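In: Need a 3D model of the sequence below.
(one chain, ligands or ions: 1)
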Amino acid sequence: MEPQAYKEIWKQVLSDIQKAGYYDSETFDSWISKTELFKIEDGTAFIVYPTMITLNILKTEQGISLLRSSLYEVLKEEVSIQFISKQDASKLIPEIKLQQRTQNLMRTDFNEEYTFENFIEGNSNAEAYAACLSCCTQKKHLFNPIMIYGNSGLGKTHLLHAIGNYLKKERPETKVFYSYSGDLVSILLDAMKTKNIHGNAVDQVKSQLIDNDYFLIDDIQNLQQSSSQEVFFTVYNELISRNAQIVITSDMHPSELSGLQSRLISRFNSGLSVNIVKPEFDTSKAILKKKLEGNEEICQINEDVLDYLAHKFSNDVRNLEGSLNKLIFNATLENPDVIDLDFAQRILMKEPIVSSTSELTIKKIKKAVTRFYGLTYKDIEGKSRQKKLMNARQVFIYLSRELLHKAYVSIGQELGNRDHTTISSSYDRAVKLIQTDKNFKMAVDKVKSLLED
Ligand SMILES: Nc1ncnc2c1ncn2[C@@H]1O[C@H](COP(=O)(O)OP(=O)(O)OP(=O)(O)O)[C@@H](O)[C@H]1O
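Out: Numbering: from 1, shown residues only. So this is what the prediction gives:
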């Protein structure tokens, strides 16, 4: 239940108590009205008292019975009462936030573009494609975990989202957990730090993680050197014993993940590891053609341009797509009859595509965004909600996720320590905007083209 809902419930309860006339108006105004309903969990209402005087007034037999009957009137169910001090309640807040963050990762909003239908199969990725598709269609998981490893930009995230999209459509009752490992690590570390007076935050997060049928972890390399590996290990074992399917992506073979405990590496090796490599020429061309679908009215593009792009940029499909986007973007500005080889070479030479995302840093993205919008770092880190600033922040968040898979927490730090939940909702909005808002997409493409510095 949202905090606002508790506030509403408590308002009604207090009004009932006041009407009951058991407390005189001075006692009610000075002490009772200062109480709050913190949460209702497992049939218990946690009521926050500001001072010991309030507690003593409330915890008499009649006081408790009045509270219970007023709560019953509002909730239509019996609850027991537990009083907690303001101080203890403030310690519980991080725990509740943590539960919400973990809950947010049980996502159902996978990138709609990243489906099996939109994934072009070729020799370079056939095994990975088949492994991901078959784990969705077969109830008995033959290979567990499935590890997909390969260089950046070759479709690993696309395949994880394709699993999510497929299950959402074909088996909607399935519980799917998806996370960049950076986000998962930050949740686990926070759970380990969180003081918790009713139960154990780590156990609570663990039980949320374990309660899934599919557990998809993107870029597992971020787990290296992290003290959260211990907790991850127990979650992993529990998931396997419950026959949950685990699919993990990584930029290197599991045996090369030297910052992971050897018992984790040996478990990863015990399933199916499949390599995904750069697409061969025909696959690259097919990817380009797929991406062109729906853009035919905006521009015509010559076949030899597609050959040129497929030869030059197939090391990383992001670059392949980026080069095509750049041509389309410039074609909308210059309106050529057709995109021919001269046009393509001129544009791509003028604004070269960033050669490898591994050279890219979050600072570079920040610099490119501020340059594109004509802003300073102070502007985008600040609090102003001016439209231009909001747009710039959203482009920054989107690119930091898409190109670098940065954790929400790290992106928030770059934006003047904004909360990770703000960043996460802004990213979710951006994922929708990129498909629906031409201006937003153009801004993203333009900033990408500036990333060559
Ligand atoms: N075979 C393919 N068919 C269609 N699109 C593809 C294919 N391979 C990659 N892409 C596209 O390339 C882009 C980059 O892919 P993705 O983000 O999945 O790469 P990645 O391997 O997860 O990279 P990283 O290791 O950097 O996270 C996405 O837009 C994805 O849709």
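In: Would you agree Arg371 is in contact with Leu450?
Out: Yes: at 5.9 Å, Arg371 and Leu450 qualify as touching, with contact defined as CB atoms under 8 Å. All C-beta spots, glycine's among them, are computed from the backbone N, C-alpha and C.
In: Between those two, which is the more surrounded one?
Out: In this view Arg371 and Leu450 are compared by other CB atoms under 10 Å, and Leu450 has more residues nearby, 16 against 12.
In: Excluding chain neighbours, give the residue nearest to that one in space.
Out: Spatial nearest neighbour of Leu450, chain neighbours left out: Ala368 (4.1 Å); criterion: CB to CB, 6 or more residues apart in numbering.
In: What residues of the strand or helix carrying that neighbour count as buried?
Out: Using DSSP states H and E, Ala368 falls within helix 362-373. Going by neighbour count (16 or more other CB atoms under 10 Å), the buried part of helix 362-373 is Ile362, Lys364, Ile365, Lys366, Lys367, Ala368, Val369, Thr370, Phe372, Tyr373.
In: Adding pLDDT and distance to Ile47, write the residues you listed out as JSON lines.
Out: Output for the buried residues of helix 362-373, formatted as JSON lines (pLDDT from 0 to 100; distance: CB to CB, whole Å):
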{"residue": "Ile362", "pLDDT": "89", "distance to Ile47": "44"}
{"residue": "Lys364", "pLDDT": "87", "distance to Ile47": "51"}
{"residue": "Ile365", "pLDDT": "92", "distance to Ile47": "47"}
{"residue": "Lys366", "pLDDT": "90", "distance to Ile47": "46"}
{"residue": "Lys367", "pLDDT": "85", "distance to Ile47": "51"}
{"residue": "Ala368", "pLDDT": "87", "distance to Ile47": "51"}
{"residue": "Val369", "pLDDT": "90", "distance to Ile47": "47"}
{"residue": "Thr370", "pLDDT": "85", "distance to Ile47": "49"}
{"residue": "Phe372", "pLDDT": "82", "distance to Ile47": "52"}
{"residue": "Tyr373", "pLDDT": "83", "distance to Ile47": "49"}
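In: Output those in a markdown table; the columns should cover distance to Ala45.
Out: Below are the buried residues of helix 362-373 laid out as a markdown table (distance: CB to CB, whole Å):
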| residue | distance to Ala45 |
| --- | --- |
| Ile362 | 44 |
| Lys364 | 51 |
| Ile365 | 47 |
| Lys366 | 46 |
| Lys367 | 51 |
| Ala368 | 51 |
| Val369 | 47 |
| Thr370 | 49 |
| Phe372 | 52 |
| Tyr373 | 49 |
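In: got those residues as a markdown table, with distance to the ligand columns?
Out: Formatted as a markdown table, the buried residues of helix 362-373 follow (distance: CB to the nearest ligand atom, whole Å):
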| residue | distance to the ligand |
| --- | --- |
| Ile362 | 14 |
| Lys364 | 15 |
| Ile365 | 14 |
| Lys366 | 19 |
| Lys367 | 20 |
| Ala368 | 18 |
| Val369 | 19 |
| Thr370 | 24 |
| Phe372 | 21 |
| Tyr373 | 24 |
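In: Pull the most distant pair out of those.
Out: Across these, the longest distance by CB to CB is 16.7 Å; it joins Ile362 and Tyr373.
In: if we can go back for a sec, show me the contact partners of the helix holding Ala368.
Out: 375-377, 379-380, 388-389, 391-392, 395-396, 399-400, 403-404, 406, 410-411, 414, 443, 446-448, 450-451, 453 (CB atoms under 8 Å, 6 or more residues apart in numbering).
In: Mind telling me which residue of the stretch 101-250 of the chain is nearest the ligand?
Out: Ranked by CB to the nearest ligand atom, the top residue of the stretch 101-250 of the chain for proximity to the ligand is Gly155, at 2.8 Å.
In: again but with the stretch 201-350 of the chain, I slipped
Out: Val317 (3.4 Å).
In: quick one: that residue from Val277, how far?
Out: The gap separating Val317 from Val277 is 11 Å, by CB to CB, to the nearest Å.
In: Kindly report the same for Glu78.
Out: Going from Glu78 to Val277 by CB to CB gives 62 Å.
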